[in-house]
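Undergrad: fold the following and give me the result.
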Amino acid sequence: NMDEWMGAVDVIVTKAGPGTIAEATIQGLPIMLSSFLPGQEEGNIPYVVEGGYGSYSKDPEEIATTVKSWLLDDEKLSKMSANAKKAARPNATTAIARDIAELLYAPYEPPTEVEINRFEERKEENNDIIT
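TA: Prediction:
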């Protein structure tokens, strides 16, 4: 019921997980990022910060100070909320499912001569490795 919980708050403090960020943007929540998984979530930090709807810090005191400043500034909070909504992609799941369905149910097209030749070349290369 994350949508219900997020609907009851003005900001969110979370790690840089893509699912949480996606839900927060749909709700128009400013996001205070406190951590991330190296590699897969690291790129989400500049996305949120440069998007104008969040900040990042590992320091609990800085997190508290930042969130407090947002909550005391209605204009800033409103602008960050608007920026979050601009970044939101509420229909992304449907679009992805539609793309997959189109790929699955696309009419069969036989491979081109170039594709067949490329396949044969790779097959020969792999045989050389195995033997």
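Undergrad: for the rest of this, base every contact and every neighbour count on C-alpha atoms.
TA: Fine.
Undergrad: so what's the residue minimising distance to the centre of the chain up against?
TA: The centroid of the chain falls nearest to P18 when counting by CA atoms, centre = their mean (4.0 Å). Residues in contact with P18 (CA atoms under 8 Å, 6 or more residues apart in numbering) are 41, 44.
Undergrad: ok, it to N91 distance?
TA: 15 Å (CA to CA, to the nearest Å).
Undergrad: cool, G51 as well?
TA: According to CA to CA, G51 and N91 sit 19 Å apart.
Undergrad: ok, the two, which is more surrounded?
TA: The neighbour comparison of G51 against N91 (other CA atoms under 10 Å) goes to G51, with 15 against 9.
Undergrad: give me the nearest residue to the more buried one, chain neighbours excluded.
TA: N83 (6.6 Å; CA to CA, 6 or more residues apart in numbering).
Undergrad: show me where this structure has strands.
TA: Secondary structure of the chain (DSSP state E): strands located at 12-15, 31-35, 54-56.
Undergrad: which of the ones you listed sits closest to A22?
TA: Among those, the nearest to A22 by CA to CA is strand 31-35 (10.6 Å).
Undergrad: show me what that closest one is in contact with.
TA: Outside strand 31-35, the residues that touch it by CA under 8 Å, 6+ apart are 11-16, 21, 24, 45, 48, 53-59, 63, 67.
Undergrad: the same query, at a cut-off of 7 Å, please.
TA: 11-16, 53-58 (CA atoms under 7 Å, 6 or more residues apart in numbering).
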